[in-house]
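Q: Structure of the sequence below:
(one chain, ligands or ions: 2)
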Amino acid sequence: MKQVLVVGNFFPSVLDDLKKDFDVTHMKDKDAVKAAPDADLAEIEALASFGWAPKKLIERLPKLKLISSFGVGYDGVDVGFATKKGIVVGHTPDVLNDDVANCAIALLLATTRRLVAQDKYLREGRWVSEGNAPLTHTIRGKVVGIVGLGRIGLAIAEKLSVFGCETVYHSRSKKDAPHRYYGDLVAMARDADALIVITPGGAETEKLIDRQVIEALGPESTLINVARGSVCDEAELVKALADGRLGSAGLDVFEEEPKVPEALFAMDNVVLTPHVASATWETRQAMADLVVENVTTFFETGRPKAPVPESEELLP
Ligand code: NAP
Ligand code: 8YV
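A: Ligands and ions are numbered 1, 2, ... in the order given. Reported below is the predicted structural model:
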């Protein structure tokens, strides 16, 4: 029987389903893997993890053929090194588009309508002592710039149309989409009332949202980041919010999760969520099922159900 290493707190169904066809070793976290003797890893042919497969781990798995990663983003997988070693990578695209897009829209509305601050205002008794809470801003008629019009970006654009927003977008290449394309991100930020960032993480997009983009967005506008913390220059973002050079922000992702800059905690113009955009029972189950399917289809057919593009050169 082929050996599969499962790392992390997966739903029990993942272990139960894999055990039907494979000899499964479960390690609860990265530290358990780091502490495991090499002999325990010597026969492993597939790895299932929460987006974690650095070069150091891959080097310790001499028979590895497949990495099945939970999550659509695989910036924590050294896909370049894996591909060089002939190791295929699978991930969990599409099944999470709807919930991640919902979270982006929820953050946009919660931030522009100051929902968290309004809730606090009421609970603190200020409605009674000070009267009606301050007015906020509508998103109807506003220009929303999507940074990364991929699977999730398109789902966000579709939902934005219901709210009467004008959607524009930036990515490296122009898409076949009915929205205005900006090759220049700073120009888009200048024209937009809000940016929603939904690109992959990793070196290519590191600090794509830098001081220049933040300042072009400006004091009346909103930044929503549901991509990766690395995509935004967090220190610049915190400074711009504190100085009033950026109007507001809704953030699901951070540079050093689970650490979040404490300066943000006191800001009423900021809404924070702990990397939960895909975190519904339904979507997480669909992602878990796809992690299993990637392993089973790979060993049956030579192709995981959802390979990352970089693995295509290795596949039949
Ligand atoms: P996707 O379909 O591959 O779309 C990614 C988009 O980003 C593409 O339009 C791509 O277009 C653009 N892009 C890539 N590199 C870029 C760059 N350097 N500059 C500008 N645009 C760039 O991916 P997806 O399925 O929509 O997922 C996107 C990302 O969302 C994931 O990789 C993950 O990081 C994040 N995510 C976060 C959560 C969460 O819980 N917060 C959940 C799911 C996903 P071009 O190639 O033309 O540039
Ligand atoms: C996952 C995500 O929850 O899919 C992604 O890229 O960021 C989230 O949906 C996260 O990767 C869990 O490991």
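
Q: does the top helix by length along the chain come close to ligand 1?
A: Determined from DSSP state H, the single longest helix within the chain is helix 281-301. No. Shown here: helix 281-301 not in contact with ligand 1 (Cβ under 6 Å from any ligand atom), separated by at least 9.3 Å. Bear in mind the C-beta positions are built from the backbone N, C-alpha and C, glycine included.

Q: hang on, residue 5 in a helix?
A: No. Looking at residue 5 with DSSP: H, G, I helix; E, B strand; the rest coil, it is strand, so not inside a helix.

Q: ok, how many other residues are close to it?
A: The tally of other residues near residue 5 (other Cβ atoms under 10 Å) stands at 23.

Q: Which strand residues bridge the closest residue to it other than its chain neighbours?
A: Spatially, and ignoring its direct neighbours in sequence, residue 5 is nearest to residue 44 (4.5 Å; Cβ to Cβ, 6 or more residues apart in numbering). For residue 44, the beta-bridge partners under DSSP bridges are residue 3.

Q: wait, residue 44 sits on residue 3?
A: Yes. Here residue 44 lies in contact with residue 3, judged by Cβ atoms under 8 Å, at a distance of 5.0 Å.

Q: Quick check: phi and psi on the residue of the stretch 151-300 of the chain found nearest ligand 2?
A: Nearest residue of the stretch 151-300 of the chain to ligand 2: residue 278, at 3.3 Å (Cβ to the nearest ligand atom). In this entry, residue 278 is assigned phi and psi values of phi -100, psi 10 (degrees, to the nearest 10).

Q: Enumerate every residue touching it.
A: By Cβ atoms under 8 Å, 6 or more residues apart in numbering, residue 278 lies in contact with 71, 96, 99, 100, 103, 284, 287.

Q: ok, 6 Å please
A: 96, 99, 100 (Cβ atoms under 6 Å, 6 or more residues apart in numbering).

Q: same thing with residue 114?
A: residue 136.

Q: cool, the one 3 residues further on as well?
A: Going by Cβ under 6 Å, 6+ apart, residue 117 touches residue 268.

Q: That one looks like it's in a strand, true?
A: No. Looking at residue 117 with three-state DSSP, it is helix, so not inside a strand.

Q: and the residue of the stretch 51-200 of the chain at minimum distance from ligand 1, how many residues sit next to it?
A: In the stretch 51-200 of the chain, no residue comes nearer to ligand 1 than residue 150, which is 1.7 Å away by Cβ to the nearest ligand atom. Applying other Cβ under 10 Å, we find 16 residues neighbouring residue 150.

Q: Distance of it relative to residue 63?
A: Counting by Cβ to Cβ, to the nearest Å, the gap from residue 150 to residue 63 is 33 Å.

Q: Run through the residues that contact the most centrally placed residue in the chain.
A: Taking Cα atoms, centre = their mean as the criterion, residue 227 is the residue nearest the geometric centre of the chain, at 4.1 Å. Applying Cβ under 6 Å, 6+ apart, we find residue 227 in contact with 197, 198, 199.

Q: What is the neighbour count of the residue lying closest to it once chain neighbours are set aside?
A: Taking Cβ to Cβ, 6+ apart, and ignoring the residues beside it in sequence, residue 227 has residue 197 as its nearest neighbour in space, at 4.6 Å. Applying other Cβ under 10 Å, we find 25 other residues in the vicinity of residue 197.

Q: What parts of the chain come near ligand 1?
A: Contacts of the chain with ligand 1, taken as Cβ under 6 Å from any ligand atom, map to 72-73, 93, 96, 100, 148-153, 171-173, 198-201, 204-205, 208, 226-228, 252-253, 275, 277-278.

Q: now the helices: where do they sit in the stretch 151-300 of the chain?
A: Along the stretch 151-300 of the chain, counting by DSSP state H, counting those that start in this stretch, helices occupy 151-162, 185-191, 211-217, 234-243, 281-301.
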